[in-house]
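>>> Turn this into a model:
(one chain, ligands or ions: 1)
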Amino acid sequence: MDAKNFLHFRLLSPLHYLLLVVIFLSVRGELNRGFLPLPLIFPKGNYRQSLNSVPKTFGCSDSMGHRLIIQNSHAVRKRPRKDGCPLQVVCIDYPRPELENTVNFLEAAYLSSSFRTSSRPVKPLNIVIAGAGLAGLSTAKYLADAGHKPILLEARDVLGGKVAAWKDNDGDWYETGLHIFFGAYPNVQNLFGELGEFSRFDFPEVLPAPVNGIWAILKNNEMLTWPEKLKFAIGLLPAMIGGQAYVEAQDGLSVKDWMRKQGIPDRVTNEVFIAMSKALNFINPDELSMQCILIALNRFLQEKHGSKMAFLDGNPPERLCMPIVDHIQSLGGQVQLNSRIQKIELNKDGTVKNFLLNNGNVIEGDAYVIATPVDILKLLLPEDWKEISYFRKLEKLVGVPVINVHIWFDRKLKNTYDHLLFSRSPLLSVYADMSVTCKEYYNPNQSMLELVFAPAEEWISCNQSKAKIVKYHVVKTPRSVYKTIPGSDPCRPLQRSPIEGFYLAGDYTKQKYLASMEGAVLSGKLCAQAIVQDYELLVARGQKKVAEASFV
Ligand SMILES: Cc1cc2nc3c(=O)[nH]c(=O)nc-3n(C[C@H](O)[C@H](O)[C@H](O)COP(=O)(O)OP(=O)(O)OC[C@H]3O[C@@H](n4cnc5c(N)ncnc54)[C@H](O)[C@@H]3O)c2cc1C
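Predicted coordinates:
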């Protein structure tokens, strides 16, 4: 092959390959148009009951504010498969069915509506939930929607956990973390909608996914050369074609190892994935599990608006958490601050008897949820449970240290933007000028930089330096989201534990989003769903308890 032909072979063949994939994905979308297999798998044995509980029609909005009306048509299979039975739904009144995006929004809306439309419980359950982060708030919200009585207990005097924030003496807010919402957060957007706080994301109509993702990579000439871009794009193809099963199979490899295995040059890892790894999990590509990156890419590439970002318009405790609390309380639930769970006390049969608070109060309920970070759960675990494999596997899940720094300047900085900025520097991860990006923090004359420092292992115990800055606040979180190292995914627990009446919620529990606000909200929904499904069992347990007490 002469040099010219060789060049043609090298340049054209991968492009053709890419083109074929794009055509395949578009055609796949066309074929499915109008019929969306809703990926809801009903538990074996519970098939009829589950089928009856599906609302005949329900509506929701997607990230563009398009109205989706879903008609529950029929089950695709007459008899349940071994793993349950997926429902087929017909989607009508939808201007442009963009399937992957739509399915996730459908799923989120379906789950939400199932709480409201399920038959009202004859005897509402009292459910005690520890931790008012987004997972605990979401659990309590959906249980209240389903007609139950959540009692949400928060250790600190502030709502939100990792989204908590405080006001200083000047009236300025400082936060646990700089938080960004993505277009691929259907459960969070759905939640806003249900609370009447829906803020529509105005994303420009450009290219459909995954073309927009590929286009963005190819268009950028500053970070990567053309051969590097092509190798990168080809390396990603298996992830784009292989779907969720492929993604899950990559948990054993770190980002760096996976890139090398795919023949992607180290320079791509350094140019693109240091920033991405630190933004996703506060660690570097040599530590982060590739599964984490692939889940993020899958969401961003498959969903047209997945990679669009938005900031909250104000401080998270008031703008994000308080509306949820108001909703819970309006439905008869309770939310108590300064109520730290000190001990999970057990019955003789190893089930939960009550939660003992550090103020000496004892709280009893029909079911119990721990929605604290995984590190706290491990400290609270009763001795009798520690050898159960479900709990033993939690050992591998450890919170990662991160530091959130806020700096107030006496003037407006010129080189910041109304956006989130990413860094590949050894300590800095993401940052933003919050005086520009956040409506409530807006200041036309001065800047406030909020910077996430990560990896922060070495810095977490250091004292702050006294540089000449007008004002600063530093919030250290020694154990933040769980460290997504290779092999950690199988250790993530389902929301229903093997202990009857005991459940978990939290971003680290099993759900298809990463350790994120979306993951926390979805985990709460799944936890509430498990409790609602276990209703009969929990009522029977309560009756048995009453009978035993009266017998004594
Ligand atoms: C610096 C930083 C930046 C981040 N940026 C983003 C982002 O941009 N986008 C995104 O989606 N996600 C981001 N995240 C992740 C996101 O904040 C978390 O995934 C999510 O908020 C976790 O919610 P959670 O409810 O699972 O846990 P938590 O928020 O940790 O909530 C647990 C709650 O339990 C309480 N608790 C603890 N012990 C007890 C006890 N004994 N009794 C009662 N209550 C107890 C805690 O006080 C807390 O309120 C970021 C996190 C950090 C730290």
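>>> quick one, phi psi at Leu125?
Main-chain torsions, Leu125, degrees, to the nearest 10: phi -90, psi 140.
>>> Close to the ligand: what parts of the stretch 51-200 of the chain are there?
Proximity of the stretch 51-200 of the chain to the ligand (C-beta under 6 Å from any ligand atom) is limited to residues 130-136, 153-156, 161-163, 176-180. In short, each C-beta sits where N, CA and C put it, glycine included.
>>> cool, and the stretch 351-500 of the chain?
Applying C-beta under 6 Å from any ligand atom, one finds that the stretch 351-500 of the chain approaches the ligand through 371-373, 376, 402, 404, 452, 477, 480-481.
>>> What are the phi and psi values at Tyr110?
Main-chain torsions, Tyr110, degrees, to the nearest 10: phi -60, psi -50.
>>> do the one 3 residues further on as well
The phi and psi torsions at Ser113 (degrees, to the nearest 10) take the values phi -70, psi -30.
>>> confidence score at it?
Predicted confidence (pLDDT) for Ser113: 77.
>>> Met517 now?
Met517 is given a pLDDT of 95.
>>> Neighbours of Ala245, how many?
Other residues within reach of Ala245, judged by other C-beta atoms under 10 Å, total 7.
>>> Over to Asn445?
So Asn445, with other C-beta under 10 Å, has 9 neighbours.
>>> Just the buried residues out of the residues of the stretch 51-200 of the chain next to the ligand, in PyMOL syntax.
In PyMOL, this line selects whichever of these come out buried by 16 or more other C-beta atoms under 10 Å:
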select buried, resi 130+131+132+133+134+135+136+153+154+155+161+162+163+176+177+178+179+180
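>>> Next step: the residues of the stretch 51-200 of the chain next to the ligand restricted to helices.
Per DSSP state H, helices hold the following members of these: 134-136.
>>> between these, which is closest to Val436?
Nearest to Val436 out of these is Leu134 (C-beta to C-beta; 25.2 Å).
>>> List the contacts of Arg392.
Residues in contact with Arg392 (C-beta atoms under 8 Å, 6 or more residues apart in numbering) are Lys386.
>>> tell me the pLDDT at it?
97.
>>> isn't there a helix covering it?
Yes - counting by DSSP: H, G, I helix; E, B strand; the rest coil, Arg392 is found in a helix.
>>> Could you measure from it over to Met448?
Look at Arg392 and Met448: by C-beta to C-beta, to the nearest Å, they are 44 Å apart.
>>> about what we covered before: who wins for neighbours among the residues of the stretch 351-500 of the chain next to the ligand?
For these, neighbours tallied by other C-beta under 10 Å; top is Ala371, 33 neighbours.
>>> Of the ones in helices among the residues of the stretch 51-200 of the chain next to the ligand, which is the nearest to Arg267?
Nearest to Arg267 among these is Leu134, at 37.0 Å by C-beta to C-beta.
>>> Would you enumerate the residues in contact with the closest one?
Taking C-beta under 8 Å, 6+ apart, we find Leu134 in contact with 160-163, 320-321, 507, 517, 520-521, 524.
>>> List the beta-bridge partners for the residue in the stretch 1-150 of the chain positioned nearest to the ligand.
Going by C-beta to the nearest ligand atom, the ligand is nearest to Gly133 of the stretch 1-150 of the chain, at 2.0 Å. Applying DSSP bridges to Gly133 gives these bridge partners: Gly160.
>>> Could you double-check that it lies in contact with Gly160?
Yes - using C-beta atoms under 8 Å, Gly133 is in contact with Gly160, at 6.3 Å.
>>> that older thread, between all of the residues of the stretch 351-500 of the chain next to the ligand, which two are at the greatest distance?
Among these, Ala371 and Val452 lie farthest apart (C-beta to C-beta), at 23.4 Å.
>>> In the chain, where is pLDDT below threshold?
Regions of the chain meeting the criterion pLDDT under 70 cover residues 1-103, 105-106, 197-223, 240-244, 300-307, 462-470, 551-552.
>>> Now do the domain split for it, please.
Domains of the chain are assigned by automatic domain parsing as 36-117, 126-198+314-398+483-544, 212-309, 402-477.
>>> Columns distance to Ser550 on top of the ones you listed, output as TSV?
Shown next, in TSV, are the domains of the chain (distance: least, C-beta to C-beta, whole Å):
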stretch	distance to Ser550
domain 36-117	32
domain 126-198+314-398+483-544	11
domain 212-309	49
domain 402-477	48
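>>> re the thing from before, of the ones in helices among the residues of the stretch 51-200 of the chain next to the ligand, which is the nearest to Ala108?
Leu134 (14.5 Å).
>>> Next one: the closest residue to the closest one other than its chain neighbours from the ligand, what distance?
Computed as C-beta to C-beta, 6 or more residues apart in numbering, the closest residue to Leu134 that is not its neighbour in sequence is Ala520, at 3.9 Å. Ala520 sits 3 Å away from the ligand, going by C-beta to the nearest ligand atom, to the nearest Å.
>>> Please identify the buried residues of the helix or strand hosting Ala520?
Ala520 belongs to helix 517-533 when elements are defined using DSSP states H and E. The neighbour-count check on helix 517-533 (16+ other C-beta under 10 Å) flags 517-533 as buried.
>>> count of residues packed around Pro265?
When neighbours are defined as other C-beta under 10 Å, Pro265 has 17 of them.
>>> surely it meets Glu228?
Yes - when contacts are counted by C-beta under 8 Å, Pro265 is listed as touching Glu228 (5.6 Å).
>>> Am I right that Val539 is in contact with Pro124?
No - here Val539 does not reach Pro124: they are 10.2 Å apart, not a contact under C-beta under 8 Å.
>>> Looking at those two now, which is surrounded by more residues?
Pro124 (18 against 15).
>>> Surely the more buried one is in contact with Gly147?
Yes - Pro124 is within contact range of Gly147, at 5.6 Å (criterion: C-beta under 8 Å).
>>> Please identify the nearest residue in space to Phe181, excluding sequence neighbours.
The nearest residue in space to Phe181 (C-beta to C-beta, 6+ apart) is Ala310, at 4.6 Å.
>>> ditto for Pro455
Leaving aside its chain neighbours, Pro455 sits nearest to Ile283 (5.4 Å; criterion: C-beta to C-beta, 6+ apart).
>>> For the one you found, list the residues it contacts.
Residues counted as contacts of Ile283 (C-beta under 8 Å, 6+ apart) are 277, 400, 454-455, 483-485.
>>> 10 Å instead, please
Shown in contact with Ile283 (C-beta atoms under 10 Å, 6 or more residues apart in numbering): 254-255, 277, 289, 292, 400-402, 429, 454-457, 483-485.
>>> which one of these has the most neighbours?
Ser277 (30 neighbours).
>>> ok, so what distance separates Ile407 from the ligand?
For Ile407, the distance to the ligand - C-beta to the nearest ligand atom - is 15 Å.
>>> Backbone dihedrals for that residue, both of them.
phi -130, psi 130.
>>> Now do the helix holding Ala520: distance to the chain's middle.
Chain-centre distance of helix 517-533: 11 Å, with C-alpha atoms, centre = their mean, to the nearest Å.
>>> following that helix, which helix or strand comes up?
helix 535-551.
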